[in-house]
Structures are given as C-alpha cells and as structure tokens.
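Enquirer: Next comes the sequence, and after it the predicted model I'd like to discuss.
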4 protein chains.
Amino acid sequence: MKCMADLCVIPMGEGVSVRNEVAACERILQRFPIETHLHAYGTNLYGDWDDVFAAIKACHEELHQAGVVRLTSTIKVGTRTDKDQTPDEKRRVVEDLLNEGR
Amino acid sequence: MKCMADLCVIPMGEGVSVRNEVAACERILQRFPIETHLHAYGTNLYGDWDDVFAAIKACHEELHQAGVVRLTSTIKVGTRTDKDQTPDEKRRVVEDLLNEGR
Amino acid sequence: MKCMADLCVIPMGEGVSVRNEVAACERILQRFPIETHLHAYGTNLYGDWDDVFAAIKACHEELHQAGVVRLTSTIKVGTRTDKDQTPDEKRRVVEDLLNEGR
Amino acid sequence: MKCMADLCVIPMGEGVSVRNEVAACERILQRFPIETHLHAYGTNLYGDWDDVFAAIKACHEELHQAGVVRLTSTIKVGTRTDKDQTPDEKRRVVEDLLNEGR
C-alpha cells in the first residue's frame, strides 16, 4: 500500500529553536526509500506505507537517543485505490487548474 | 517505545455521512492490544508504537478492502523518555489543576 | 456558521511538562460562549466559527503575554450545511452503531 | 500578531477527486494579504493572524456557497515573540544545516 504523508516533528523542552532537531529528522528520513520534500511547516513523504512509518518511527527513536526527552508529531496520511499519484503530480494538477483559470 | 496518539480517519467520496466508516474503524482499533478512547473529533490511542501504528494501518487497509476508495487521516503522536503516562492520567493532571484554581 | 473543532496547543521551549500552559488554555477557552470537552490529546470545541477562533487566538495571545515565547497549535475544524450536530451527538451516533453491532 | 500556518481543506461527499475544490481554495487564499505556498499536502500561509484566519474562514464559507455540503480542515499555526521569520527563511535555515552537514 502506497501512501502520501506529511510530517511535522516538534521537540518539546529543547528550547525555542528546534532547527537542529528538524535537520536531524531530514537526514533520518532521507535514509529510507521514500520521497521527501521539505516545506516551511513539515515534510511531504511518499512511498510504501511501511517505509514511510518506519522513517517516522526512526525520527522519534533517534531523537530520543540523542537526548530529546519529549516529542509530539503531527502526521497526515492519504491512501487511495484508484490511482497512484506522486507528490509532484498532485501539486501540478492543482497548479495547472490555477493557471487555466487565469 | 510507548506512545500516545490521536487518530481521525476521513473517508473521501463516500458521501457526507461517514458514521459507518468511523464505527468500522473503532471495531478495528479495538482488536489491537492498545487503549482507545473515542471523542467527538477522533480517537485517543495508547500503547506500544508498533501496535498503535499496526492498528492505524489496519483501518486504512480494511476500509479500502470494504470498498472505500480514498482515505485521509490526521494523526498526532507523542513519545517521551522521562515517564509513562496513560491518557487518563494525562487528562486528570489538567483537570486537577483546573479544579485547584477554582 | 457553526463549527466543530479540535485544538491542541503546544508550548515550545517551556520545558518538558506543559500542564500549566494546558490548564491556562482551558481556562481561557471556558470564557468564550462555546462548548469545550478536554480529552487526552486536545480539546473539542463547538460553537460559532468566530467565537471558536477568537478563543483559539486568545490562547496564543494570553500565553505569549504570560511569557511563553513560542507556540504551535494543531487545529481540526469541520463545517456542514446539512445539519447542526453537537460533539455529544456526534460521539453518540458512533457509540450507538458500535453497541448495535454487539 | 504574525503567524505561520499550514492549511489542508478536505471536502467530504464530493467524490474521490477534489482538485477543483483545492484550486478554488487557492484562488480564495490569494485574495488575502498573506503569503501562500502550495505543497503536495496543503498550503503554507504567512501573515497577520486575523488575515490568515479570515482567509481560512472564506475557504469554508465560499466552498459551502458553491454547494459543498461538508468540509473538514487540518490547520497548524505557529506564533513566536522572539523573532519574525517568513516561510522561506524557515525552510532555508534547515536546508543550510543540511548542506553544511554534507
């Protein structure tokens, strides 16, 4: 089962700036056989369900091992049986509609 | 690794009323060795990370098998290394603070 | 426009325990003419769109005034034109279906 | 109060394909004095709190007026008192850290 996901990992109790933890997550995610696209409030993930969620679990496990005491993540995940659509295709479909309308 | 999670599964293209799909999800979740608490905009889940995410995956897989073409879920998940706190304890801590303040 | 919402406010950089900030939010939310139901991973809110979002804005503003430097909230919000359903009704509909199935 | 937000609007009961509704939302959002960046699972928003939430409310109101019966949105919103950071700056900070590490 393929899925599209969106992940935002928030370290709590690590101070106001969390850029190091966010960059550590990106490096962890990139080790997995999934597509990743960083945006300003999270990261789009695309691949097999098991790979996507193994990657998310690794973020929690490895940040805890690195000393982060508490983490809370927000995840969106979508699956569909009618077609397989990559994040780029999904975004482009909407952008094309927007351009047509101009 | 224990986690507290919150799951809201949304079937798309199944009409405006999704009560049957939501009830089907509850029955699926209850088969797993995790705590579940239904609320008006989702379900609190508590247990081992792998059990919690196996339960969430089963919701997507089994709803698709039942004919739902598209699903999008919103998940929050929290982990911590300092203590193990159940959903009831977590809620009670805040309720106690609110009662003290009265 | 009525809405059902779910709010989870996360203070960042305030240490690992955020119970005081969560309790402060509950007190702020209860000042507004909306229904609130605390659960283990957030609070269900129900009322007019403008009241619900004024309450959420007040949580951010007043926690900042109290010295919290950074906040990130996750919000779900649902609206529908076919009927008006309270959080209790929404939860009961699913619970009734679950009980029928037993 | 400035905020960074992330919005994902989901029409329910409108069929499996929701590209027209997503494009309609983008056009609505772009009428407001806020920054918007479409990604594969939502849209980053940046601006004054009141403008950002007026834009989100307009999406719900205008999609309902266009005949969509039910909508559920997932919103993340962040505020901070220590500095003002645009979505581009926020993303670049993490990308710079990732590039340094190579």
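Expert: In hand now; what should we look at? Residues are numbered from 1 along each chain as shown, chains lettered A, B, ... in the order given.
Enquirer: List the buried residues in stretch A:58-65.
Expert: A:C59, A:H60, A:L63, A:H64 (16 or more other Cβ atoms under 10 Å in any protein chain shown). Where you see a C-beta, it was placed from the backbone N, CA and C, and this is true even at glycine.
Enquirer: Check stretch A:92-102 too.
Expert: Neighbour count says stretch A:92-102 has A:V94, A:L97, A:L98 buried, by 16+ other Cβ under 10 Å.
Enquirer: same check, this time on stretch A:42-52
Expert: A:G42, A:T43, A:N44, A:L45, A:Y46, A:G47, A:W49, A:D51, A:V52.
Enquirer: One more: stretch A:28-40?
Expert: For stretch A:28-40, by 16+ other Cβ under 10 Å, it's A:I28, A:L29, A:F32, A:I34, A:E35, A:T36, A:H37, A:L38, A:H39, A:A40.
Enquirer: contact partners of the longest helix seen in chain A?
Expert: Ranked by residue count, the top helix of chain A under DSSP state H comes out as helix A:49-65. Residues from elsewhere that reach helix A:49-65 (Cβ atoms under 8 Å, 6 or more residues apart in numbering or on different chains): A:1-3, A:5, A:7, A:9, A:11, A:21, A:24-25, A:28-29, A:31-34, A:45-46, A:71, A:73, A:75, A:77, A:79, B:1, B:3, B:49, B:53, B:57, B:60, B:77, B:79, B:81.
Enquirer: So which of those belong to helices?
Expert: Short answer: the contacts of helix A:49-65 in helices (DSSP H) are A:E21, A:A24, A:C25, A:I28, A:L29, B:W49, B:F53, B:K57, B:H60.
Enquirer: Tabulate those in TSV, adding columns for distance to B:S17.
Expert: Formatted as TSV, the ones in helices among the contacts of helix A:49-65 follow (distance: Cβ to Cβ, whole Å):
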residue	distance to B:S17
A:E21	41
A:A24	43
A:C25	38
A:I28	40
A:L29	37
B:W49	33
B:F53	28
B:K57	25
B:H60	20
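Enquirer: low pLDDT regions in chain A?
Expert: A:101-102 (pLDDT under 70).
Enquirer: any idea where the strands of it begin and end?
Expert: Assigned by DSSP state E, chain A shows strands spanning A:2-12, A:35-39, A:42-48, A:70-80.
Enquirer: mind checking which of these is nearest B:V16?
Expert: B:V16 sits nearest to strand A:70-80 of all those, at 19.1 Å, using Cβ to Cβ.
Enquirer: which other helices and strands contact that closest one?
Expert: strand A:2-12, helix A:49-65, helix B:49-65, strand B:70-80 (3 or more Cβ pairs under 8 Å, 6 or more residues apart in numbering or on different chains; DSSP states H and E).
Enquirer: any idea of the angle the third one forms with helix A:49-65?
Expert: Put plainly, it is helix B:49-65. Angle, helix B:49-65 to helix A:49-65, by axes from the mean of the first three to the mean of the last three Cα atoms, to 10 degrees: 160 degrees.
Enquirer: Pull out whichever of the buried residues of stretch A:92-102 are also neighbours of chain D.
Expert: A:V94, A:L97, A:L98 (Cβ under 8 Å from any Cβ of the partner chain).
Enquirer: Please flag which of those residues sit within helices.
Expert: Short answer: those in helices (DSSP H) are A:V94, A:L97, A:L98.
Enquirer: wait, isn't A:N20 in contact with D:D96?
Expert: No: if you go by Cβ atoms under 8 Å, A:N20 and D:D96 don't touch, sitting 11.7 Å apart.
Enquirer: for chain C, what are the nearby residues on chain A?
Expert: A:10-18, A:69-70, A:72, A:74.
Enquirer: Kindly present those residues as TSV, with separate columns for distance to C:T86.
Expert: Shown next, in TSV, are those (distance: Cβ to Cβ, whole Å):
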residue	distance to C:T86
A:I10	31
A:P11	36
A:M12	32
A:G13	36
A:E14	39
A:G15	40
A:V16	38
A:S17	41
A:V18	37
A:V69	38
A:R70	33
A:T72	28
A:T74	26
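Enquirer: got TSV for those, with neighbour count too?
Expert: Conversion of these to TSV gives the following (neighbours: other Cβ atoms under 10 Å in any protein chain shown):
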residue	neighbour count
A:I10	21
A:P11	25
A:M12	22
A:G13	18
A:E14	20
A:G15	14
A:V16	15
A:S17	16
A:V18	21
A:V69	18
A:R70	21
A:T72	24
A:T74	24
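Enquirer: Which strand residues bridge A:C8?
Expert: Note on A:C8: beta-bridge partners by DSSP bridges are A:T74.
Enquirer: Spit out the contact partners of it.
Expert: A:Y41, A:G42, A:T43, A:S73, A:T74, A:I75, D:D6, D:K76 are the contacts of A:C8 under Cβ under 8 Å, 6+ apart.
Enquirer: Please determine how far the third one is located from B:I34.
Expert: In this structure, A:T43 and B:I34 are separated by 26 Å, where distance is defined by Cβ to Cβ, to the nearest Å.
Enquirer: same check, this time on the last one
Expert: With distances defined as Cβ to Cβ, the gap from D:K76 to B:I34 amounts to 25 Å.
Enquirer: and if you look at the fifth one?
Expert: Applying Cβ to Cβ, one obtains 20 Å for the distance of A:T74 from B:I34.
Enquirer: just checking, A:V77 touches B:V77?
Expert: No: counting by Cβ under 8 Å, A:V77 does not reach B:V77; the two are 11.4 Å apart.
Enquirer: ok now do A:G15, which residues does it touch?
Expert: Here A:G15 is in contact with C:M12, C:G13 (Cβ under 8 Å, 6+ apart).
Enquirer: Kindly recompute the last result at 10 Å.
Expert: A:E21, C:M12, C:G13, C:E14, C:G15, C:V69, C:R70 (Cβ atoms under 10 Å, 6 or more residues apart in numbering or on different chains).
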